[in-house]
Structures are given as C-alpha cells and as structure tokens.
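Asks: Pasting the sequence and the predicted coordinates here, then a few questions.
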Amino acid sequence: MISVSNIGVNYSGEYLFRNLSFVINKKDRIGLVGKNGVGKSTILKIIAGVNKPHEGSIDVPADVEIAYLPQEMKFEAERNILDETMKAFEHVNAMKQEIDKINDELATREDYESDSYMELIEHLNHLLEKLNLYDEEKNEGEVEKILLGLGFKRSDFDRAMSEFSGGWQMRVELAKLILKRPEVLLLDEPTNHLDIESIIWLEDYFKNFEGALILISHDRMFLDHVTKRTVEIIHGKVYDYKVAYSKFVELREERLEQQESAFKNQQKYIKQQERFIERFRAKNTKAKQVQSKIKQLEKLDLVEFDDQDDSHIQFNFPPAPRSPQLVIESKSLSKSYGEKKILEDLDFKALRGERLAFVGKNGMGKSTLVKMIVGETDFDGELKIGNDIQIGYYAQVQEQSLDPELSVFEVIENEATGEWAKINRIRALLGSFLFKADDIEKKVKVLSGGEKSRLALARLLLKENNLLILDEPTNHLDMSAKEILKNALNNYNGTLILVSHDRQFLQGLTNKTFEFKENGIKEHIGDIDEFLDFHKAENFRQFEGETKNKVQTVKSKTKEKSPNQYLIDKENKKKLQRVQKEISKVEKRIDELEEDLKELEERLSDPEVAKSPESTELFHEHAAIKRKIDQKVNAWEELEEEKLQLEELK
C-alpha cells in the first residue's frame, strides 16, 4: 500500500539514518521501535508528509488517507469538546464536493477507454465506498462513544478546549483521527496521555480497526496487545519482524547472537589470512599462496555486526538534606475550575522519607495537587510545606518547564551554581544524559520528547532536594532509561512523590499509594502490587507473569565463573604460552628451510652444476625441502588457529 524506499535524513553532514526501506500493507499493525534519538518520530513525519527525506522516496497511492498524531501539539481551539471533535467529519463534505466534481467531469468526457478515465472511475468508486462508511445521523453518537472511551465524561462535552490540559486536548485530536477512519494511522507515543482504562479501551478499538496502524510506544504491554509486526531502527538500519514486541525481543537476541558469531568467525579468518600474508609475503615459495589470499580478502563480503547501542543515561540524585518530620500537610484543601470541582476538602500528609504513589484516572486531581504543592496554581484551604523543604519538580509536560528558545547548554547553565557552574561540569553532566558535544547547542524546541525528558532529569541534579515530585516521568523515556531512573529513585534517600500510570515502573518504588477518585482520595499502605491486589475486581491492567515486589532485571549474557574457573584460566594461559613457543620454533625452522632452499637454488642456477651428475640428487633435495616447508607452513596455520582460540578464552 505504501512503499518507503531508501530514505535518508542528514543533519549537518551526519546521517540520522540512510537507505531505510520497508512496505506498509493494508491492516498492518506495526510497532516502530529503537532507542531514543534513532529517528522514529522523524520517520513517522516523513510518512505523514510533514517532513521530506533528504534521500529516497515515499510512494503513497492517491486514494490512501494518512492520519498522524505527533508527540506534541499546540492547541488554540476555543470550541467546546464536542464541537471540536465533530470537526473530524469536515472531510465528509469535502468528499461529497469531490464526488460531484468527478461526476460533472465524467459527464463531459468521451475518452472512455483511456487510462486517465479509468483512474478517475476508480477514484470515484473509492470515494463512494468511503462515504458509505458514514451515517450523518449517527455521527454525534460515534463522537460520544469515542470521547467516553478516551476518558471524557458527558459533562465535559460542553466545556471549552482551553479548560483542559495539553494531554486531554491531545485525546480530542486522537478521537478526531479515529473518527476519520483513515487507511493509515500514525501514532507517536499515544499512551503518554491516557490512563489505564483508556489504554485498554484503545487496545480493544484497534482489534476492529480496518486500516493500517504504525505506532511508536515505550509501553511494552500496549505494543504486545496491539501490534503484530515490529520494525526496529538500529544504527541507521531497519530490521523487520513479523511478530509482536515480546517475541521480537527474543528474535532480536537470536539475530544478534548469530551476527556476533558470524562476525567473530570472519574476523578470525581475516586475522589468520593477514598473518599468513604478513609472515610469508617475502617468501618466493609462497608467493602464489600470498597473492591468492590477498585476492580472497579483497572479494570477501564483510559480515556487519549490529552491536546494540549500550549507551545509557548515568546518574544518581544528590543526597537529600535532612528535613523535618512533617513534609507536607493540607487541611480542607479544594480546587475548582469554574463549576468543575477537582479536589474537595482534602486532608493529606506526607512524612519524612515516605515514598508515595499518586494513581487513578486522569482528571481526578493528581497533577493538580502536585501543582498546588509546588506553587503553580492557587487553591482554597490550607497547605503547609515544612521548613527547609527543598523541592525538585519534574513536570508532566516539559514544554511548560523548559524555555524552547534556550539551548541545551543554556538550560543547565542558567540554573547551575557553585561547582556545577563550571563549563566542564555542565558538559560532563549533559554527557551523562547522552547529550554529545554537537547536541548541547541545539534549541529545546527541536529536541525530541525523549531528549526533553532527559534534559529535565539532568536539571534535577543541580540542587540537593529533600522532596522529589515527578509527574509521569517515564513519558518519552525508552525502556533502558526507565530502568536507570528507577534505580536512581530507589537509591534516593529523601521524600518521594510519583505520579504515574506505568505500573511496572512503580513496582517496588513506593510504600504508600494514594488512589484519586471522584469522591476524594483513598490511602493504601503498601506498594503498587498490594494496591492492585486490593483492587482485583476493578478494571486495571494486570501485570502478566511478573513476580511481585521484585524489579525485573535484564538477563546477563555474562556467565558466572565456576569455582574451578581460576584453574581453567591458568591452564589455558599455560597452553597459550606453549603454543606461542611452538609457533616461534616453526617460524624459525621455516626460515632455516627457506635459507637452505635459497642456497640450493643458487647452486642449481650455475650451468656447470646443472650439467653435473649430482644435479639429479640436488633436484630431489630441492623438492624435499619444498615439501618440508609446506608441512611446516601447514603446522604453523594449525598452531595459529589454536592460538586464536586460546586468546578468545582469555
């Protein structure tokens, strides 16, 4: 249906990716995966027609409609939720007008057998088929169904778009794309703006979606439930797997192991041939073999080993200064937006060293309470922050906390004090968050979602905070970055408040869970697993096959040494020394035989000697020396092979 052919993107002479090709078929369910920064979002923008590739092409049939949901959007709509969503049907009127225009053209044309006439007929049939999918009398009902599924209430339908956060406005945009029924739907991190129940609803919706779907997500479970094909971008190349994410991880490991094995075997072969060429290049008796091996190496197709990019953020939060026992206390705390009550008469406490999880549906007041605590919104009632409390705050939407016109370096420089203010310290800090030398001059506005998240985390390290508040910190972070952040939070010794829908991330991180509901907040002692056990009857996503209270770790490929490994290593070292001595002996003997052969050939070059009776015996001796040289060279090659094998065991 859509063909991506050899596309490449080049920034300042350096390729983000090159020669990427794959095909999008009807009803494909594709997960586009890879580490932050490999160009996944760029590829979606190219397919959507938002950006153009610097090389290659995208072939999209004329009748194929593509709908695209980016990671971030700016909304200026003042319509209410219902009216804004109904805009999804504006294209229906456009289709009707196009159908009328085609009918008028067909009525005046007489080239019935021409290719252009037949193409026009085909396009008309496509438009009519698509128009038949819509029933104007049912449009509003469809809108309500989609909006309710994405977490809105009927009472929200008449509220202005401007009353909602960017995340909720993004849901409206998602609803509009779904209602358009495009042939291809491109979604960039759609679950960042959804709560658990909305994610489950979206998973169910996609089971019956008639078009093709390509999505970028760091939500492994969502990928498993929705996709059936995984396209991986690694080192600027594409690998296509006809399986969902979890199976892809297994197959990728197998592919990398096979690649690594083939790569090592070929490198060993190349090393052997180069050693032979180097050792015997000057020997006349081996000139033909040397030239043959040189030609073989020149014709060799090199095995490429896609060694995984193991670079990852590296950090720990600074030690927390000692705080008072009472960190936060509220009494009769309330917040409303117009007639909409978000929180009412909330009594809440956070004590020193507590690790709190805020969970619940979107719109229940989690982020609102956080904004009250950090002083970003007003409220009714009492809210007391303990003396000497230093708050480190990670906002859910980084556009609201990072100046888009500043460079990466300037964001840190503007807040750095003391030792952190030194240029080399700033560069080192940014480097630990994977910002290379060329990246630090980039403006915030051109950063990807993952890069903005990393920059916001880096900024948190500039001060010693005894209260950390992180609102949806895993949005835009890849899976390895999530694990690093989780380890850093486990090592943090201050008070922690986490707002998250990522159950796997929360596992083992908190010791108290606050459930935000319509009728208030309910406190649960224990971590997220105990909270989920308590809510067995509720429609929350369950962790599948995971052991409770244990952080899942990546299986290490490094084998543990057995108790006798030291003795084995010692024995291998002795063998290697023995083989190296044998190689030296053989090389010395080859040199001696080559000298004998040279002397013999000089004698045979004398015409008088060649005519003498002893010449026959000399020719036999010459042949015997050449055989001995061949035998020694074969022995040398075998010893070199053994040497390489022993070196690999070191």
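Replies: Sure thing, it's come through.
Asks: Please name every helix or strand in contact with whatever helix or strand Ile497 lives in.
Replies: Element membership for Ile497 (DSSP states H and E) is strand 495-499. In terms of contact count using 3 or more C-beta pairs under 8 Å, 6 or more residues apart in numbering; DSSP states H and E, strand 495-499 is assigned the packing partners strand 340-351, strand 355-359, helix 366-373, strand 467-471. Every C-beta, even on glycine, is put in place using the N, C-alpha and C of the backbone.
Asks: Can you tell me how far the nearest residue to Glu530 once chain neighbours are set aside is from Lys366?
Replies: Of all residues not flanking Glu530 in the chain, His524 sits nearest, at 6.9 Å (C-beta to C-beta, 6 or more residues apart in numbering). Distance of His524 to Lys366, given as C-beta to C-beta, to the nearest Å: 15 Å.
Asks: And Asp28, by the same measure?
Replies: Taking C-beta to C-beta, one finds Asp28 at 36 Å from Lys366.
Asks: pLDDT score for the residue lying closest to Lys522 once chain neighbours are set aside?
Replies: Computed as C-beta to C-beta, 6+ apart, the closest residue to Lys522 that is not its neighbour in sequence is Glu515, at 4.6 Å. Note for Glu515: predicted pLDDT of 87.
Asks: Let me have the helices and strands packed on strand 495-499 in TSV, adding mean pLDDT, distance to Glu641 and mean neighbour count as columns.
Replies: TSV is the format used below for the helices and strands packed on strand 495-499 (pLDDT from 0 to 100; distance: least, C-beta to C-beta, whole Å; neighbours: other C-beta atoms under 10 Å):
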stretch	mean pLDDT	distance to Glu641	mean neighbour count
strand 340-351	87	66	17
strand 355-359	91	57	23
helix 366-373	90	64	23
strand 467-471	93	55	22
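Asks: Same list, these, but as TSV with distance to Asp188 please.
Replies: Shown next, in TSV, are the helices and strands packed on strand 495-499 (distance: least, C-beta to C-beta, whole Å):
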stretch	distance to Asp188
strand 340-351	29
strand 355-359	25
helix 366-373	21
strand 467-471	20
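Asks: Would you mind saying which of those lies nearest Asp569?
Replies: Of all these, it is strand 355-359 that lies closest to Asp569, at 43.9 Å by C-beta to C-beta.
Asks: before we move on, back to that, can you list the strands that the strand holding Ile497 pairs with?
Replies: strand 355-359 (parallel), strand 467-471 (parallel) (DSSP bridges).
Asks: which one of the ones you listed lies closest to Glu142?
Replies: strand 355-359 (30.7 Å).
Asks: What's the mean pLDDT across the lengthiest helix in the chain?
Replies: The longest helix of the chain (DSSP state H) is helix 565-604. For helix 565-604, the mean pLDDT works out to 81.
Asks: and Gly13, how many residues sit next to it?
Replies: Using other C-beta atoms under 10 Å, Gly13 has 5 neighbouring residues.
Asks: I should have written Glu55 there, sorry.
Replies: By other C-beta under 10 Å, neighbour count at Glu55 equals 15.
Asks: What separation do you get for it and Leu186?
Replies: 21 Å.
Asks: go on, Val609?
Replies: 85 Å.
Asks: hey, where'd the strands end up in the stretch 301-450 of the chain?
Replies: 326-337, 340-351, 355-359, 380-385, 391-394 (DSSP state E, counting those that start in this stretch).
Asks: Quick one, which of those strands gets closest to Leu532.
Replies: Closest approach to Leu532 among those (C-beta to C-beta): strand 355-359, 9.7 Å.
Asks: Please identify the buried residues of stretch 376-387?
Replies: Using 16 or more other C-beta atoms under 10 Å as the test for burial, stretch 376-387 gives Phe379, Gly381, Leu383, Ile385, Gly386.
Asks: just checking, the first one touches Ser334?
Replies: Yes - checked against C-beta atoms under 8 Å, the pair Phe379 and Ser334 is within contact range at 6.6 Å.
Asks: picking up where we left off before, how about the residue nearest to Glu530, secondary structure?
Replies: Secondary structure state of His524, per DSSP: H, G, I helix; E, B strand; the rest coil, is strand.
Asks: what sits opposite it in the beta ladder?
Replies: Thr513.
Asks: which ones are touching it?
Replies: Neighbouring residues of His524 by C-beta atoms under 8 Å, 6 or more residues apart in numbering: Lys512, Thr513, Phe514, Glu515, Glu530, Phe531, Phe534.
Asks: check contacts around Gly39.
Replies: Val9, Leu16, Phe17, Ile233, Gly236.
Asks: buried residues in stretch 485-497?
Replies: Neighbour count says stretch 485-497 has Leu485, Lys486, Ala488, Leu489, Tyr492, Gly494, Thr495, Leu496, Ile497 buried, by 16+ other C-beta under 10 Å.
Asks: Throw those residues into TSV and include pLDDT and distance to Glu621, thanks.
Replies: TSV is the format used below for these (pLDDT from 0 to 100; distance: C-beta to C-beta, whole Å):
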residue	pLDDT	distance to Glu621
Leu485	89	76
Lys486	89	76
Ala488	90	76
Leu489	92	80
Tyr492	93	82
Gly494	94	87
Thr495	95	91
Leu496	95	87
Ile497	95	91
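Asks: Output these as CSV; include the columns distance to Lys180.
Replies: Below are the buried residues of stretch 485-497 laid out as CSV (distance: C-beta to C-beta, whole Å):
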residue, distance to Lys180
Leu485, 36
Lys486, 38
Ala488, 42
Leu489, 40
Tyr492, 45
Gly494, 47
Thr495, 46
Leu496, 42
Ile497, 39
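Asks: between these, which is closest to Thr42?
Replies: Leu485 (24.5 Å).
Asks: what helix or strand is that closest one on?
Replies: Judged by DSSP H and E, Leu485 forms part of helix 479-491.
Asks: Hey, what's the angle from that helix to strand 495-499? Just curious.
Replies: With axes from the mean of the first three to the mean of the last three C-alpha atoms, to 10 degrees defining the directions, helix 479-491 sits at 150 degrees from strand 495-499.
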